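Q: This is a predicted model, with the sequence first.
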Amino acid sequence: MHPALIPEKHPMCGKYMEALVQCRKEHPYRKFFGVCSEITWDLSVCLKEEKKVTREPRQKRYHEKWAAKREADKERMSQLRAEQGGEQVTSEAAGDSGLGRANE
């Protein structure tokens, strides 16, 4: 299954879309018997390639953002641990787990 055949939305595959529309116009009944199948397969391959090409930069940006966020979280957690380090030691010595629940 392919998206709507709008060549403006898919510039890489516009020629295949136009060819498929033309084939379906020329063969309104024979299209059901596979006359336009080869063009459809070529269109599917082209759309997969187009998706890879358009997805790659977006995915790269996402991974860069994610790595930056992870680094910021690590820094924030290390600061919190450094600030709360003294409090946790005293609460653990008193037998408190720090979860707000009494030991069972």
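A: Noted; the coordinates are in hand. Residues are numbered from 1 along each chain as shown.
Q: who touches residue 43 in this structure?
A: Shown in contact with residue 43 (Cβ atoms under 8 Å, 6 or more residues apart in numbering): 2, 13, 16-17, 20. For the C-beta atoms, the positions are set from N, CA and C on the backbone; glycine is no exception.
Q: ok, so of those residues, who is nearest residue 75?
A: The nearest member of the contacts of residue 43 to residue 75, counting by Cβ to Cβ, is residue 13 at 44.8 Å.
Q: check contacts around that closest one.
A: Contacts here follow Cβ under 8 Å, 6+ apart; on that basis residue 13 touches 7, 43, 46-47, 50.
Q: With residue 50 instead?
A: Contacts of residue 50 (Cβ under 8 Å, 6+ apart): 10, 12-13.
Q: Rebuild these as CSV, extending it with secondary structure, distance to residue 78 and pLDDT.
A: Output for those, formatted as CSV (DSSP: H, G, I helix; E, B strand; the rest coil; distance: Cβ to Cβ, whole Å; pLDDT from 0 to 100):
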residue, secondary structure, distance to residue 78, pLDDT
10, coil, 47, 81
12, helix, 46, 87
13, helix, 49, 90
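Q: Pipe those into JSON lines and attach distance to residue 76 per row.
A: JSON lines is the format used below for the contacts of residue 50 (distance: Cβ to Cβ, whole Å):
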{"residue": "10", "distance to residue 76": "43"}
{"residue": "12", "distance to residue 76": "43"}
{"residue": "13", "distance to residue 76": "45"}
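Q: where do the strands sit along the chain?
A: Assigned strands in the chain: none (criterion: DSSP state E).
Q: if we can go back for a sec, a markdown table for the contacts of residue 13, including pLDDT and distance to residue 59?
A: As requested, the contacts of residue 13 are exported to a markdown table (pLDDT from 0 to 100; distance: Cβ to Cβ, whole Å):
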| residue | pLDDT | distance to residue 59 |
| --- | --- | --- |
| 7 | 76 | 25 |
| 43 | 93 | 24 |
| 46 | 94 | 20 |
| 47 | 92 | 17 |
| 50 | 92 | 15 |
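Q: from those, which is closest to residue 63?
A: Relative to residue 63, the closest of the contacts of residue 13 is residue 50; by Cβ to Cβ it sits at 20.9 Å.
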